[in-house]
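> Quick one, structure for this:
(one chain, ligands or ions: 1)
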Amino acid sequence: MKNDEIDLGGIPVEVVRKDIKNVHLSVYPPLGKVRIAAPLRMKLDTIRVFAISKLAWIRQQQHKVTAQEREAPREYIERESHYVWGKRYLLKVVEKEAASAIELKHSHLLLQVRPGTTVTRRQEIIDEWYRNQLKAAVPPLLENWQRVIGVKVNRVFIQRMKTKWGSCTPATASIRLNTDLARKPRPCLEYIVVHELVHLLEPTHNTRFTALMDQFLPNWRIQRQTLNRLPVRHENWLY
Ligand SMILES: [Zn+2]
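Predicted coordinates:
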């Protein structure tokens, strides 16, 4: 089925029909494309009214995502800023004929590479290190929260994700976490872990879902705000 499109005074909005209960609005990088996921039987006029009511928010998000895209790409050179668990470190590159290594020392992220290591390879080494940060941080959180929430996860994938911080497939009890969470303050990771685990009880973002989040992690809105505010690709959840 072809998706509908609404024109919001020059802003095209793609409407995707899904078997969901609530309207879900997203603005995607790099160009600020707007998409609305809407319940199958919701009238296009109703969706249009909803979209118009969110116009200011849409403009603001578009401004934000396109501004992010304009940020200089990482070059993995000296004194570049890199965030680890919400704290800023300056990159220091040490060229040495030895296996690559990364170490956090005071306010520096020390990257040891062989002389002549390309930017792409430096990026891979750092990305892998971030992944390992998450791999170490996630198990204790899971252990605690699976017990508290009363669910069991089969598999956890930690991967690069372009538009989401995490996702959950209740059918297979698997969750996915965005590698970039290792750049954000630790409570943000906990919020995403709890959010995805709660999806094992309630797959959609309905009022029951919100009530469960309020019950398990009363301050979850603060972490969501932090994630939405920090400059990184993200998805916004609206109810
Ligand atoms: Zn969700």
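
> which residues of the chain fall in strands?
Taking DSSP state E to define them, one finds strands in the chain at 4-8, 11-18, 24-28, 33-39, 81-84, 87-95, 101-105, 108-113, 155-159, 166-169, 174-178.

> Name the strands paired with the fifth one and say parallel or antiparallel.
Looking back up the chat, that one is strand 81-84. strand 87-95 (antiparallel) (DSSP bridges).

> Identify whichever of the strands of the chain lies nearest to residue 184.
strand 81-84 (7.5 Å; C-beta to C-beta). For every residue, glycine as well, the C-beta is placed using N, CA and C.

> buried sites along the closest one?
82-84 (16 or more other C-beta atoms under 10 Å).

> same question, stretch 86-101
Going by 16+ other C-beta under 10 Å, stretch 86-101 has these buried residues: 89, 91-93, 100.

> Next: stretch 50-57.
Buried-residue list, stretch 50-57, by 16+ other C-beta under 10 Å: 50-51, 54.

> Export those residues to TSV and append columns for distance to residue 11.
Shown next, in TSV, are the buried residues of stretch 50-57 (distance: C-beta to C-beta, whole Å):
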residue	distance to residue 11
50	14
51	9
54	11
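
> Mark which of those are part of helices, please.
50-51 (DSSP state H).

> possible to save the strands of the chain as TSV with distance to residue 215?
Formatted as TSV, the strands of the chain follow (distance: least, C-beta to C-beta, whole Å):
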stretch	distance to residue 215
strand 4-8	36
strand 11-18	27
strand 24-28	22
strand 33-39	26
strand 81-84	31
strand 87-95	30
strand 101-105	36
strand 108-113	38
strand 155-159	23
strand 166-169	18
strand 174-178	19
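
> Arrange these in a markdown table, one row each, with distance to residue 125 and mean pLDDT as further columns.
Putting the strands of the chain into a markdown table (distance: least, C-beta to C-beta, whole Å; pLDDT from 0 to 100) gives the following:
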| stretch | distance to residue 125 | mean pLDDT |
| --- | --- | --- |
| strand 4-8 | 43 | 86 |
| strand 11-18 | 37 | 90 |
| strand 24-28 | 29 | 89 |
| strand 33-39 | 32 | 91 |
| strand 81-84 | 12 | 90 |
| strand 87-95 | 11 | 92 |
| strand 101-105 | 7 | 95 |
| strand 108-113 | 7 | 94 |
| strand 155-159 | 16 | 95 |
| strand 166-169 | 24 | 94 |
| strand 174-178 | 19 | 96 |
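
> Those: which one's closest to residue 128?
Across the strands of the chain, closest to residue 128 is strand 101-105 (C-beta to C-beta), at 9.0 Å.

> What strands line up against that closest one, and which way round?
In its sheet, and by DSSP bridges, strand 101-105 pairs with strand 108-113 (antiparallel).
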